[in-house]
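[1] Fold the following for me, if possible:
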Amino acid sequence: MHRVLVTGAAGAIGRPVVEALKIRGHEVRGFDLVPSEGGVVGDLGDRDAVRRAMSGMDSVVHLGAVPNDAPLETLVGPNILGVAHVLDAAREHGVRRVILASSIQVVGRPPPGRRVSATDREPGNLYALTKLWAEELGGMAARLHGLSVVAARIGWMVRNEGEATHLRERGWHHAYLSRGDVARFFIAAIETETVPFSVMYVVGPEGAERYDLEPARRLLGWEPRDVFPDGLPFAAER
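    Numbers count the residues shown, from 1 in each chain. Now for the predicted structure:
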């Protein structure tokens, strides 16, 4: 059993991750701007609030962020200062594992026939740049302070029927990620005993042609299962 802090616990990814961790028997503490079951309310821009939330934790799943592109002044607090506060608090409290939510947006839209690796980067907006910042800061924390850090380049977690239609009409099936697959990824990232700093893609099976899933397979034993629209909590056409 691990004691896990989940930032962004009330979000679209946070909710299924928290539920899956609890089912596995882990003790979960949520941290979000809005109340969540068993969680605390706090702002990632508040260094002291993050420190208090981190106290007594073994691992942290850092999902909290502005989830889409926005003006820089909107992104700075949660997406830039927030990840710094999380990593600082993790180091101070001796947390064994930090899993940072990055995004496939850091590589833009790879064309068919080209598979991108963890070293590729082609951000097209400020949000994607903040996710590269998270990856680089996580790598530095691993090098300088010995933290075990996984940076997860997460695919498209479809939230509603409108997003499902948007994905289908544009043929972006390669970007799809189900709630089940993302939950299984974070469980593996927490429970695997030893993980060096690594950047990993987290997408469904159809994404394997464009995103290199080898690091997640080799280091965590994670294999995605669900192709669009499998795993959605509502009916959707393929």
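[2] just how off-centre is the helix or strand in which Leu167 is found within its chain?
    Counting by DSSP states H and E, the element that carries Leu167 is helix 161-170. In terms of CA atoms, centre = their mean, to the nearest Å, the centre of helix 161-170 is found 22 Å from the chain centre.
[3] And the contacts of that helix?
    Contact with helix 161-170 is made by Trp156, Val158, His173, Ala175, Tyr176, Phe228, Pro229, Leu232, Phe234, Ala236, Glu237, Arg238, as judged by CB atoms under 8 Å, 6 or more residues apart in numbering. C-betas here are computed from N, CA, C, even on glycine.
[4] can I assume the fourth one is in contact with Ser103?
    No - contact criterion CB atoms under 8 Å: Ala175 and Ser103 do not qualify, at 10.3 Å.
[5] Surely Val116 touches Leu213?
    No - counting by CB under 8 Å, Val116 stays clear of Leu213, with 11.0 Å between them.
[6] joint contacts of these two?
    With CB under 8 Å, 6+ apart as the test, Val116 and Leu213 both reach Tyr201.
[7] coming back round to it: I'd like the average pLDDT over the helix holding Leu167.
    For helix 161-170, the mean per-residue pLDDT is 96.
[8] Now do the strands in this structure.
    Using DSSP state E, the strands assigned to the chain run over residues 3-7, 27-32, 39-41, 59-62, 97-103, 148-154, 198-202.
[9] Tabulate the contacts of helix 161-170 in a markdown table, adding columns for pLDDT, neighbour count and distance to Ala164.
    Below are the contacts of helix 161-170 laid out as a markdown table (pLDDT from 0 to 100; neighbours: other CB atoms under 10 Å; distance: CB to CB, whole Å):
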| residue | pLDDT | neighbour count | distance to Ala164 |
| --- | --- | --- | --- |
| Trp156 | 97 | 22 | 10 |
| Val158 | 95 | 26 | 5 |
| His173 | 96 | 18 | 11 |
| Ala175 | 97 | 24 | 12 |
| Tyr176 | 98 | 27 | 9 |
| Phe228 | 97 | 24 | 8 |
| Pro229 | 96 | 18 | 6 |
| Leu232 | 95 | 18 | 7 |
| Phe234 | 89 | 9 | 8 |
| Ala236 | 88 | 17 | 4 |
| Glu237 | 90 | 8 | 8 |
| Arg238 | 87 | 9 | 10 |
